[in-house]
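J.: Turn this into a model:
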Amino acid sequence: MLSTNLKYLRKQHNLTQVQLAEKLEIKRSLIGAYEEGRAEPKLVTLVKMGQVFNLPVDDLISPDLPNSLQSGSSKNKSNVRVLSITVDSQDRENIELVPYKASAGYLNGYSDPEFMEELPKFRLPMIQGPGTYRAFEIKGDSMLPIPSGTVIVGRYVERWQEIKDGTPCIVVSLQEGIVFKRIYQQEKHTALRLHSDNPIYEPYEVKLEDVVELWEAKAYISTSFPMAEISLDKLTSLVLDLQQEVKKLKVTK
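T.: Prediction:
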């Protein structure tokens, strides 16, 4: 029953009717009508629902979807992601910040509303738009010149197939935890290949079945400013100019 399944999935993803309507690009009143069985969505809307919940249309109209997901019998079990979010007083999604110290706990609490509620929250109006955003503090030098301690703001990726090769992403996986890398899709679509911007680090693969979440990097926040690069020729020129200035001062004396 679509009406029962839609309401169940919306609550599992912690979405309000308004938020789901925005993702589906329809009126909120239609969500209520679908959940109460007073109307049936068009095929194009059903397809969008499948994309939002990472489920095929057949599963959306399954007569026993809640039980099949809870028992793990769904054939798409590995693709089901229950994304917990928080909203402000105006029902707008927050950007939750996952500090590096909370990274380990995030793997256990990413779908736990109580864990998410305890994370710091903020908003960036200049990048707010369709989709869900989250921020992660990174550590290490594998993505230099972006330094350790930088906060990466990412948009949640519902379909990893839509990500272009070379896109910087936060990858949350059972294998590696939380890492910031450029991702490349493998031809057989069984794994993602992760590349560092720092060439001293070798690329490696993460199995798709181990990927919990994928966040496309949209912005970063850092308290460290990049050092200006001065070439040897430029440095030599500066030294010569200083020597000329010194000579002029000696002559004037």
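
J.: in stretch 162-182, what's buried?
T.: Of the residues in stretch 162-182, those scored as buried under the neighbour-count criterion (16 or more other CB atoms under 10 Å) are 163, 167-173, 178-182. C-beta here means a position set from N, CA and C on the backbone, and glycine is covered the same way.

J.: ugh, wrong one, I meant stretch 90-108
T.: Residues E93, N94, I95, E96, L97, V98, A102, S103, Y106 are the ones in stretch 90-108 that count as buried (16+ other CB under 10 Å).

J.: For the nearest residue to the third one once chain neighbours are set aside, list the residues it contacts.
T.: Across the structure, with CB to CB, 6 or more residues apart in numbering as the measure, the residue nearest I95 apart from its sequence neighbours is Y133 (4.7 Å). Applying CB atoms under 8 Å, 6 or more residues apart in numbering to Y133 gives the contacts E93, I95, L124, I127, V153, G154, R155, Y156, K218.

J.: hang on, the earlier thing: among the buried residues of stretch 162-182, which are located in strands?
T.: If you go by DSSP state E, the buried residues of stretch 162-182 have T167, P168, C169, I170, V171, V172, S173, I178, V179, F180, K181, R182 in strands.

J.: any idea which of those is least confident?
T.: Checked by pLDDT, those have S173 as the lowest-scoring entry (90).

J.: Can you spell out which residues form a bridge with that one?
T.: Per DSSP bridges, the residues bridged to S173 are G177, V211.

J.: Could you state which residue of the protein sits nearest its centroid?
T.: The centroid of the chain falls nearest to W215 when counting by CA atoms, centre = their mean (1.8 Å).

J.: tell me which element that residue falls in.
T.: Take DSSP states H and E as the rule and W215 turns out to sit in strand 211-221.

J.: now that strand against strand 167-173, angle please.
T.: Note on geometry: by axes from the mean of the first three to the mean of the last three CA atoms, to 10 degrees, strand 211-221 and strand 167-173 are set 130 degrees apart in direction.

J.: In the next helix or strand after strand 211-221, which of the residues would be classed as buried?
T.: Once strand 211-221 ends, the next helix or strand along the chain (criterion: DSSP H and E) is helix 232-252. Neighbour-count burial for helix 232-252, with 16+ other CB under 10 Å as criterion, is recorded at no position.

J.: packing partners for helix 232-252?
T.: Other elements packing on helix 232-252 under the criterion 3 or more CB pairs under 8 Å, 6 or more residues apart in numbering; DSSP states H and E are absent; no helix or strand qualifies.

J.: Using the three-state scheme, assign K7.
T.: Local secondary structure at K7 is given as helix here, using DSSP: H, G, I helix; E, B strand; the rest coil.

J.: I'd say it and G37 touch.
T.: No: using CB atoms under 8 Å, K7 is not in contact with G37; the gap is 10.2 Å.

J.: So which of the two has more stuff around it?
T.: When K7 is set against G37 and neighbours are counted by other CB atoms under 10 Å, the residue ahead is K7, at 18 against 12.

J.: give the contact list for that one.
T.: The neighbours of K7, taking CB under 8 Å, 6+ apart as the test, are E35.

J.: 10 Å instead?
T.: Under the criterion of CB atoms under 10 Å, 6 or more residues apart in numbering, the contact partners of K7 comprise M1, Q17, I31, G32, Y34, E35, E36, P66.
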